[in-house]
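Participant: Quick one: sequence plus predicted model below, questions after.
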Amino acid sequence: MALSLLDGSDLDGRAGLTFLLISGTAGSWPHVAMLSVGEIVALDARTLRAALWTTSTTSANLTQTGRAVLALVADGRGYYVRLNVVREADLELGSDGNLARFRLNVHEVLEDVADYAELTSGITFRLQHPADVVPRWERTVAALRLGGGGA
């Protein structure tokens, strides 16, 4: 998997990348959250951290079930990463607010590739105000790398 996309570097250059985090609860429909490079970081090949809104459906699902799937496109392939999830202490980011922090332990990586086609991109977006958003992402990613609750 293209782990470098999740290394927390070059946030401004990677601002449009979108990763799908799929969660759910017993008896519910799957729920999809779109994460940016400023909300998820790989600590190593088997461990990621994510920062989500504390009151989001995804945060509630992850807290309840401890499982999710991360979907992304990289290197011409689709990847589906099955995750075991642990909620950690919330991030306290001062004026940026509080975010729920999750440790995402890689259970399995599935690769979707066809010999007759290459995926050229996944979902992308354009920031309306990058000068406001990217610095917040940088603070969030820095806090995700730390073991404690603050930045």
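Facilitator: That came through, no problem. Residues are numbered from 1 along each chain as shown.
Participant: Low-confidence regions, the protein specifically.
Facilitator: Scanning the chain for pLDDT under 70 picks out 1, 148-151.
Participant: where exactly do the strands run in it?
Facilitator: 19-23, 31-35, 40-44, 47-53, 67-74, 77-92, 98-112 (DSSP state E).
Participant: Mind checking these for the one nearest to residue 120?
Facilitator: strand 67-74 (8.1 Å; CB to CB). Glycine gets a C-beta too; all of them are placed from N, C-alpha and C.
Participant: Let me know the angle separating that closest one from strand 31-35.
Facilitator: Computed by axes from the mean of the first three to the mean of the last three CA atoms, to 10 degrees, the angle separating strand 67-74 from strand 31-35 equals 50 degrees.
Participant: May I see the strands of the chain organised as TSV, with distance to residue 121 and mean neighbour count added?
Facilitator: Formatted as TSV, those follow (distance: least, CB to CB, whole Å; neighbours: other CB atoms under 10 Å):
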stretch	distance to residue 121	mean neighbour count
strand 19-23	13	22
strand 31-35	14	16
strand 40-44	18	18
strand 47-53	21	21
strand 67-74	6	20
strand 77-92	11	17
strand 98-112	14	16
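Participant: what residues are up against the most centrally placed residue in the chain?
Facilitator: Ranked by distance to the mean C-alpha position of the chain (CA atoms, centre = their mean), the top residue is residue 40 at 3.6 Å. By CB atoms under 8 Å, 6 or more residues apart in numbering, the contact set of residue 40 is 6, 19, 21, 48, 49, 50, 51, 70, 104, 144.
Participant: I figured the last one hits residue 50, correct?
Facilitator: Yes. Contact between residue 144 and residue 50 holds when scored by CB atoms under 8 Å: they sit 7.5 Å apart.
Participant: related to what we said a few turns ago, now do the residue nearest to the centre of the chain against residue 106, distance only.
Facilitator: Separation of residue 40 from residue 106 (CB to CB, to the nearest Å) stands at 13 Å.
Participant: Please enumerate the shared neighbours of the two.
Facilitator: A shared contact of residue 40 and residue 106, defined by CB under 8 Å, 6+ apart, is any residue touching both; here these are residue 48.
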